[in-house]
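A.B. asks: Below are the sequence and a predicted model; questions follow.
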Amino acid sequence: MRATIAIASIALAVVLWRAGAPAPSPGSAPATVAASPAATATGSAASAPLAQPAPTAPRSPAPTASTTAAVASVEAAVREARRAGKGEQEVHRLRSERLPAEQVEALARMEAAEANWRQRLEALQAACAANIGCDDARASFTREELARTTAYTAPTLRQ
């Protein structure tokens, strides 16, 4: 699960980078990421026609090592907080202090999806182990999901 969160964090950084969002730095706050379009409409940009889109900021070449290190340090702090028995509010606070709001929400959605997957998988395994409604439980999965369920089954020993 830790590896999944770390990989998803990196993937989210790449998605944000490709979308043109500036990469978060370890010391910057999410509120100072970019000026609003209303704020840039004043000054010299006010004389430009309103129909023209504003030029986009140049993209950085790739997610930096500092961005990856920031996400990794936040996730390490989250793991430690969870080991200490902290709740989801504390986890959200830890992440929102050092990560952009989009990334915090994406991590929350990813964790919710992973919890949902675990529940569905455990229900399938319990139904099949008890031979009660295994076919009905399998019907709620797609072919791709059923293929993934084999990775979660315990290996059988052949004698």
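C.D. replies: Arrived safely, thanks for sending.
A.B. asks: what's the neighbour count on the residue nearest to residue 74 when sequence neighbours are not counted?
C.D. replies: Nearest residue to residue 74, sequence neighbours excluded (Cβ to Cβ, 6 or more residues apart in numbering): residue 98, at 5.2 Å. C-beta: built from backbone N, CA, C; applies to glycine. Per other Cβ atoms under 10 Å, the neighbour tally for residue 98 reads 20.
A.B. asks: Give me the pLDDT value at residue 98.
C.D. replies: Residue 98 carries a pLDDT value of 89.
A.B. asks: again with residue 45
C.D. replies: Note on residue 45: pLDDT of 43.
A.B. asks: same question, residue 63
C.D. replies: pLDDT, residue 63: 62.
A.B. asks: now do residue 118
C.D. replies: Residue 118 carries a pLDDT value of 92.
A.B. asks: any idea how far it lies from residue 96?
C.D. replies: 25 Å (Cβ to Cβ, to the nearest Å).
A.B. asks: Between these two, which has more neighbouring residues?
C.D. replies: A count of neighbours by other Cβ under 10 Å puts residue 96 above the other of residue 118 and residue 96, at 16 against 12.
A.B. asks: Please give the element, helix or strand, for the more buried one.
C.D. replies: If you go by DSSP states H and E, residue 96 is part of helix 88-98.
A.B. asks: Downstream of that helix, the next helix or strand is which one?
C.D. replies: Counting by DSSP H and E, what follows helix 88-98 is helix 101-129.
A.B. asks: how much does that following helix deviate in direction from helix 88-98?
C.D. replies: Relative orientation of helix 101-129 versus helix 88-98 (axes from the mean of the first three to the mean of the last three Cα atoms, to 10 degrees): 140 degrees.
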